[in-house]
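Q: How does the following fold in three dimensions:
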Amino acid sequence: MERYLVENCSPTLASLKTGNLFSYKYDSLEEVEFYVEFWNQCMAEKGVSVCILKIRKQTALIYVFRKNFLERDMKRPGVAELLKKCGYESTDADYALRHLRGRLENNEDFPHEIGLFLGYPLGDVIGFVENEGRNSLCCGCWKVYCNECEALQTFQKFKKCTEVYTQLWNQGKSVLQLTVAA
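A: Here you go, the predicted model:
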């Protein structure tokens, strides 16, 4: 799982981003649950959490995030209104995460508000929903509907971070050594 963390979550580990997602192929459910618990224990002191959002046959959707960033993001202007439209009754981070997990598990329409849990700008999440994923200004880590220049700079920063973290990990640095304390 270390490789998945480095290749998919470096911006979160570096404290540049609220969260990242990745699909993890596993041989047994016990295996993935063990790894999630292990990494939660290892990274708790650094302010990083790991959870399973959805289990499918032999694949788990893993969410790696900084809870303090998620709490901050949930309090931003306009977020409560969007989440309410999606059936959320609260912007409490723990509640919102449980609700998101429920929406994923119940195979409802894909919860595009997930972008808020990843630290995407509210305007881009709203733009994606309203345009049904079409008509974006550009596309990188997410589809951009406003502030294109800022988003392109952010994409470059995330890409550079991932390149540096991957190189350092390949040279022997551990994921824990690469994870910035909150």
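Q: Please report the distance of residue 38 from residue 50.
A: Using Cβ to Cβ, to the nearest Å, residue 38 is found at 9 Å from residue 50. No exception for glycine: its C-beta is placed from N, CA and C like everyone else's.
Q: I'd assumed residue 8 was in contact with residue 166.
A: No - using Cβ atoms under 8 Å, residue 166 is not in contact with residue 8, being 10.5 Å away.
Q: Compare the two (neighbour count), which wins?
A: Neighbours were counted for residue 166 and for residue 8 using other Cβ atoms under 10 Å; residue 8 has more, 18 against 15.
Q: Surely that one is in a helix?
A: Yes - counting by DSSP: H, G, I helix; E, B strand; the rest coil, residue 8 falls inside a helix.
Q: Excluding chain neighbours, give the residue nearest to it in space.
A: residue 22 (3.9 Å; Cβ to Cβ, 6 or more residues apart in numbering).
Q: list the buried ones in the helix or strand containing the one you found?
A: For residue 22, the host element (DSSP states H and E) is strand 19-25. Residues of strand 19-25 classed as buried by neighbour count (16 or more other Cβ atoms under 10 Å): 19, 20, 21, 24.
Q: Tell me the helix or strand right after it.
A: Assigned by DSSP H and E, the successor of strand 19-25 is helix 29-43.
Q: Give me the helices and strands touching that next one, please.
A: strand 48-56, strand 59-66, helix 175-178 (3 or more Cβ pairs under 8 Å, 6 or more residues apart in numbering; DSSP states H and E).
Q: pull the CA atoms of the second one into PDB?
A: If I follow you right, that is strand 59-66. Provided in PDB are the C-alpha atoms of strand 59-66 (Å, rounded to 0.1, in the frame of the first residue of the first chain):
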ATOM      1  CA  THR A  59     -11.200  -3.500  -4.700                       C
ATOM      2  CA  ALA A  60     -11.500  -0.800  -2.000                       C
ATOM      3  CA  LEU A  61     -11.900   2.900  -2.600                       C
ATOM      4  CA  ILE A  62      -9.500   4.400  -0.100                       C
ATOM      5  CA  TYR A  63      -9.700   8.000   1.100                       C
ATOM      6  CA  VAL A  64      -6.500   9.600   2.700                       C
ATOM      7  CA  PHE A  65      -7.200  13.000   4.200                       C
ATOM      8  CA  ARG A  66      -6.300  15.700   6.800                       C
END
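Q: now what about stretch 28-41, what contacts it?
A: With contact meaning Cβ atoms under 8 Å, 6 or more residues apart in numbering, stretch 28-41 is reached by 1, 5, 24, 26, 49, 50, 51, 52, 55, 60, 62, 175.
Q: Could you do stretch 43-59 as well?
A: Applying Cβ under 8 Å, 6+ apart, the external contacts of stretch 43-59 come out as 12-13, 15, 21, 23-27, 29, 32-33, 36, 39-40, 60-68, 97, 100-101, 104-105, 175-176, 179-182.
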